[in-house]
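Trainee: quick check, what structure comes out for this input:
(chains A, B, C and D)
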There are 2 protein chains.
Amino acid sequence: MNIGKAAKLSNLTIKTVRYYANIGLVKPEQNISSGYREYTDEEVAKLKFIGKARKFDFSIDECKELLSLYEDKNRTSKEVKKITLEKISQIDSKLNDLKDLRNELSFLASNCHGDDKPNCPIIDELSKN
Amino acid sequence: MNIGKAAKLSNLTIKTVRYYANIGLVKPEQNISSGYREYTDEEVAKLKFIGKARKFDFSIDECKELLSLYEDKNRTSKEVKKITLEKISQIDSKLNDLKDLRNELSFLASNCHGDDKPNCPIIDELSKN
DNA sequence: CCTTTACTCTACCCTAAGGGGAAAGTGTAT
DNA sequence: ATACACTTTCCCCTTAGGGTAGAGTAAAGG
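Mentor: Next up, the predicted model:
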C-alpha cells in the first residue's frame, strides 16, 4: 500500500511516516518507476508499535531499541523491562523538578497582591542578587 | 565591561549572553572600532533577571514580557501575577500528563517478569491493535 | 617594538521530532 | 484530454542555545 493508507492505518501523519523512512526506522521498498513507497502489513504493524511507544514518551532512539527487541524473538523480557524502568525513573526525576518549580512559583504568586499597584514580590524575587 | 565579565557576573555563558543580544533581549552598545559589546551594570542586572526567570521555566518570550514589566515602573502587580499563574497552570497540566504516563508505564513494568524468557507484556501492549 | 596569551567577533552547522509549503511527477476517474 | 488526488524531493521553520573555525583585538611580558 502507499504511504497515505499506511499513515491512516497507523494513525500517524504522512510527514511522520516519511520521516521514519528517512531515518531508517521503518524503511519500505520504493517502487522503481514511480518512486512511491510501498508498505507491507508488517511495516504498518511496526509503525503502530512505534506510535504507541512514542505516546509512552519513548524517544526515537528508544523506539529503535524497542523495535529491535520487538523483532528479536530471542529477546529477554529483562531487556525490555530495563528500558521501561529507565524511562520511569526519567519521568520521576522530571516530576520532582516540576513539583519543586510549582511550589516556588505558587509561593511567589501567593505573596503577590495582584492589584493595580506596581510593587510586586514576583519581580522582586527575580531581581534579587 | 566586556561580554566575558558580564557573563560571569550574571552566571550565564557567553554564548547565551550573545544570543540574548542577537534576539534583542539585552542589546548592549557595541564599540565601533573593535566591535566588542560593552555591558553596563544595568544590563547585567537584566541578564541576571532573565537568568532567574529562565530557571523558573519561563520561555524567552515570557522573559521578554517580564523584562518589560520589570522596566515599567507603572506596571501593575496584576499583570505579573497573571503570567505567573499561567505558568503554574502549564506546569500543572504537564504534571498531570506525566503522572498518568508514569502510572501506565509502572503498570506495564509490574506485569513484566523481567527474566530471560522472550514473552513480555510490555512488548505485547505496544503491539496491541 | 614584538610576541604570546587571552579575549572577542561573525558565520556556519547541530540538536528532537517532525510541520508547512513549493514545484514537479504519478495514478485514476471522467 | 483533463481534472483531481496522491506522492516525491527539497528547503526552511520551530527552542534555546552549544560547538567550532577563522580572524581580529587587547593587554601583559620581554
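Trainee: please enumerate the helices of chain A.
Mentor: Under the criterion DSSP state H, chain A contains helices at A:3-10, A:14-22, A:41-55, A:60-71, A:77-111, A:121-127.
Trainee: Serialize these to CSV and add fields for distance to B:Leu67 and mean neighbour count.
Mentor: C-beta: built from backbone N, CA, C; applies to glycine. What follows is the helices of chain A, written out as CSV (distance: least, C-beta to C-beta, whole Å; neighbours: other C-beta atoms under 10 Å in any protein chain shown):
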stretch, distance to B:Leu67, mean neighbour count
helix A:3-10, 43, 17
helix A:14-22, 36, 16
helix A:41-55, 36, 18
helix A:60-71, 36, 17
helix A:77-111, 17, 16
helix A:121-127, 9, 18
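Trainee: those helices into TSV, with extra columns for mean pLDDT?
Mentor: Converted to TSV, these look like this (pLDDT from 0 to 100):
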stretch	mean pLDDT
helix A:3-10	96
helix A:14-22	97
helix A:41-55	96
helix A:60-71	95
helix A:77-111	94
helix A:121-127	94
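Trainee: redo those helices as a markdown table? Include distance to A:Ile32.
Mentor: Output for those, formatted as a markdown table (distance: least, C-beta to C-beta, whole Å):
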| stretch | distance to A:Ile32 |
| --- | --- |
| helix A:3-10 | 16 |
| helix A:14-22 | 16 |
| helix A:41-55 | 18 |
| helix A:60-71 | 26 |
| helix A:77-111 | 38 |
| helix A:121-127 | 61 |
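Trainee: of all those helices, which one is nearest DNA strand D?
Mentor: helix A:3-10 (2.5 Å; C-beta to the nearest atom of the strand).
Trainee: could you give the angle of the closest one to helix A:41-55?
Mentor: Helix A:3-10 runs at 60 degrees relative to helix A:41-55, counting by axes from the mean of the first three to the mean of the last three C-alpha atoms, to 10 degrees.
Trainee: so which other helices or strands are in contact with helix A:3-10?
Mentor: helix A:14-22, helix A:41-55 (3 or more C-beta pairs under 8 Å, 6 or more residues apart in numbering or on different chains; DSSP states H and E).
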